[in-house]
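1. with the sequence up front, the predicted model follows.
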Amino acid sequence: MKKLVFIISLLISFTSFGQLGEYYYSNGHPKSKGLNFQVKKPLGFEQNEADRPNIVQKWEKNKTNNDEYVAFMIIVKRLPAEMRGVGKSEWTQYLKDDGGIDDFSSGFSNASNKEFFVIDNYPSIIFDASEKVTRLDFTIEIYFSQIMVIVDDYSFSMQLHATSKRNLQNNKRLFYSLANSVIFPDQYN
């Protein structure tokens with residue numbers, strides 16, 4: 001009997017690892033700047049309000065262990081005035097065929113795995129990179145994957161942050177599941 005209980009608890013642990021929970025809704029959140037979206041919450045991660053002005057929400061795991069830390073963040077920015085009013089088809093053309101991926105990832109000299117994506121009918125890109133981050137006298141290299149979606153006059157970004165390439169790769173599947181769960185409901189009105 002003890003063996004059966006142990007096997008069942010293992011199965012529950014494995015099936016809930018990397019799974020998604022209920023939806024998070026941005027409606028009325030001041031940092032979403034009027035962009036309504038919903039995304040499923042990653043199970044096993046602590047949800048927090050972020051301190052920075054454009055980070056709408058973040059989910060963190062292993063916050064006290066620098067070797068195992070992983071975070072997912074949602075970032076919303078209004079596009080600059082000269083980029084607003086461009087249609088989906090023009091954005092798709094630019095990102096997919098006219099160098100937009102390279103333009104948007106050019107801030108990171110080590111950007112790799114750059115691809116065109118579609119998230120809930122909107123054009124987007126994904127890329128991996130890393131950067132050194134210093135806080136006080138402590139410097140650490142952060143590895144991340146970023147998905148940037150152009151939604152009307154907004155840039156909606158999802159980021160996966162990890163303190164090692166191994167952690168980044170181990171959480172990529174969950175990151176893709178999160179991205180696939182994103183809904184921009186105003187397009188359906």
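-> Yep, it's here.
2. can you tell me the SS state at the residue most central in space within the chain?
-> Centroid-nearest residue in the chain: Met158, 2.2 Å away (criterion: Cα atoms, centre = their mean). Reduced to three states with DSSP: H, G, I helix; E, B strand; the rest coil, the structure at Met158 is strand.
3. how about the contacts made by the nearest residue to it once chain neighbours are set aside?
-> Ranked by Cβ to Cβ, 6 or more residues apart in numbering and with sequence neighbours excluded, the top spatial neighbour of Met158 is Ile147, at 4.6 Å. The C-beta positions use only the backbone N, C-alpha and C, and glycine is treated the same way. In this structure, Ile147 makes contact with 117, 119, 124-126, 157-159, 175, 179, judged by Cβ atoms under 8 Å, 6 or more residues apart in numbering.
4. of those residues, which belong to helices?
-> Among these, DSSP state H puts 175, 179 in helices.
5. from the contacts of Ile147, which is closest to Arg78?
-> Ser157 (12.7 Å; Cβ to Cβ).
6. which stretches of the chain have low pLDDT?
-> Applying pLDDT under 70 to the chain flags the ranges 1-18.
7. can you give me the strands for it?
-> Assigned by DSSP state E, the strands in the chain fall at 20-25, 38-42, 46-48, 55-61, 70-78, 112-119, 122-135, 138-151, 154-162.
8. related to what we said a few turns ago, tell me what the residue nearest to Met158 is bridged to.
-> Note on Ile147: beta-bridge partners Ile126, Met158, judged by DSSP bridges.
9. so how far is Asp153 from Glu82?
-> Counting by Cβ to Cβ, to the nearest Å, the gap from Glu82 to Asp153 is 11 Å.
10. neighbour count for the two, which is higher?
-> The neighbour count for Glu82 versus Asp153, taken as other Cβ atoms under 10 Å, is higher for Asp153 (16 against 7).
11. who's in contact with that one?
-> Contacts for Asp153 (Cβ under 8 Å, 6+ apart) come out as 78-79, 83-85.
12. can we see that at 7 Å?
-> By Cβ atoms under 7 Å, 6 or more residues apart in numbering, the contact set of Asp153 is 78-79, 84.
13. likewise for Gln57?
-> Gln57 makes contact with 24, 47, 50, 74, according to Cβ under 7 Å, 6+ apart.
14. out of the residues you listed, which are buried?
-> Among those, the ones that count as buried by 16 or more other Cβ atoms under 10 Å are 24, 50, 74.
15. a markdown table for the residues you listed, including distance to Lys58?
-> Formatted as a markdown table, those follow (distance: Cβ to Cβ, whole Å):
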| residue | distance to Lys58 |
| --- | --- |
| Tyr24 | 11 |
| Ala50 | 5 |
| Ile74 | 7 |
